[in-house]
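Asks: I need the structure of the sequence given here:
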Amino acid sequence: MGGRAQATGPGAVGVACYDDARHTPFGERGNPVVSTEKTLNVGDSAPDFTLKTIGLKEISLHDYKGKNVVLLFYPLDWTPG
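Replies: Numbering: from 1, shown residues only. Presented below is the predicted three-dimensional model:
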């Protein structure tokens, strides 16, 4: 595997992209996924965000307001851990 790049800064959530993954659509977008200056605590409301599904449909957290939502953060297959 090649070198690893990470997002930095207060509250930054980064994705490590290895050299062999940089030419994928995700790798070409860059490394930082989310950057926020506020740290959330247990019981805080999650900030709204919009993501694309595997089928490329855009969904937002606010679409599920009033419903139970589970957020699963899955490490990319080419990242450690």
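Asks: When you work out contacts or count neighbours from here on, use the C-alpha atoms and nothing else.
Replies: OK.
Asks: and L51, backbone torsions?
Replies: With angles defined as degrees, to the nearest 10, L51 sits at phi -130, psi 160.
Asks: does it have beta-bridge partners, and which?
Replies: Under the criterion DSSP bridges, L51 forms beta bridges with I59.
Asks: show me the contacts for it.
Replies: For L51, the contacting residues are 58-60, by CA atoms under 8 Å, 6 or more residues apart in numbering.
Asks: How much space separates it from H62?
Replies: 12 Å (CA to CA, to the nearest Å).
Asks: likewise N41?
Replies: N41 is 19 Å from H62, by CA to CA.
Asks: repeat for D44
Replies: 15 Å.
Asks: any weak-confidence spans in the protein?
Replies: With pLDDT under 70 as the threshold, the chain has low-confidence stretches at 1-37, 73-81.
Asks: Quick check: phi and psi on V42?
Replies: Per degrees, to the nearest 10, the backbone of V42 is at phi -60, psi 130.
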